[in-house]
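J.: Sequence isn't available, so here's the structure alone:
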């Protein structure tokens with residue numbers, strides 16, 4: 001059953017395949033090998049059949065093969081022949097590639113999702129920096145800092161801080177980071193020079 005599912009899944013690019021890849025077990029590359037070869041064979045058979053049927057309709061008999069190749073049917077079948085060949089070679093090399101038209105669909109869907117996520121983002125406002133206790137800081141931001149983890153050292157007004165914790169609060173600044181002075185013994189593994197207005201540069205990137 002896993003192999004049958006892998007045969008279908010092997011046509012999909014990783015973008016669409018990822019949520020279901022575990023169901024294919026270890027058969028995905030083998031399935032891509034089979035479907036890539038099958039795609040070549042089917043495209044070749046249909047191309048040969050189409051060419052034979054096209055010969056009586058050719059404007060110039062000796063150039064019938066060239067005419068058919070540049071017809072819509074010939075170009076489509078040639079495309080899928082090349083698509084199958086690429087997928088077969090990739091599978092031999094240990095990679096399971098999907099069919100090329102679905103990579104275009106994946107790019108369009110990814111672009112649409114990014115655009116929708118962009119529209120859903122909160123308006124840009126400068127961060128709010130507040131002192132906490134005697135020497136800590138609370139930074140409230142409208143944008144998340146994906147690289148701010150326990151290893152990150154943040155420079156605020158030439159002072160070194162570490163990330164103590166992160167919280168979610170209410171808009172317009174839902175991302176809250178609590179900072180405390182970096183211990184002298186802690187090794188710096190990542191360094192971020194912070195400014196409250198940096199969210200506007202992040203948006204440009």
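T.: On my side now, so go ahead. These figures come from a predicted structure and were not determined experimentally. Numbers count the residues shown, from 1 in each chain.
J.: use CA for all of it now, contacts and neighbours both
T.: Will do.
J.: biggest helix in this structure by residues?
T.: helix 28-54 (DSSP state H).
J.: Who are the packing partners of that helix?
T.: helix 2-9, helix 64-69, helix 72-92 (3 or more CA pairs under 8 Å, 6 or more residues apart in numbering; DSSP states H and E).
J.: of the ones you listed, which approaches residue 175 most closely?
T.: helix 2-9 (38.1 Å; CA to CA).
J.: just to revisit the earlier point, per-residue confidence averaged over the longest helix of the chain?
T.: Taken as a whole, helix 28-54 has an average pLDDT of 95.
J.: Run through this structure and note the low-pLDDT ranges.
T.: 1, 25, 203-205 (pLDDT under 70).
J.: Most distant residue from the centre of the chain?
T.: residue 61 (48.0 Å; CA atoms, centre = their mean).
J.: Please name the residues that touch the closest residue to that one other than its chain neighbours.
T.: In this structure, residue 61 finds its nearest non-sequential neighbour in residue 55, 7.1 Å apart by CA to CA, 6 or more residues apart in numbering. Listed by CA atoms under 8 Å, 6 or more residues apart in numbering, the contact partners of residue 55 are 61, 64-65.
J.: how many neighbours does residue 170 have?
T.: 9 (other CA atoms under 10 Å).
J.: where does it land in three-state SS?
T.: coil (DSSP: H, G, I helix; E, B strand; the rest coil).
J.: Quick check: can you list the domain ranges of this structure?
T.: 2-118, 128-204 (automatic domain parsing).
J.: Would you point to the one among those domains that's packed deepest?
T.: Comparing these by mean neighbour count (mean count of other CA atoms under 10 Å), domain 2-118 comes out on top with a mean of 17.
J.: Figure out the length between the terminal residues of that one.
T.: Terminal residues of domain 2-118 are spaced 38 Å apart (CA to CA, to the nearest Å).
J.: A strand includes residue 140, no?
T.: Yes. Counting by three-state DSSP, residue 140 is part of a strand.
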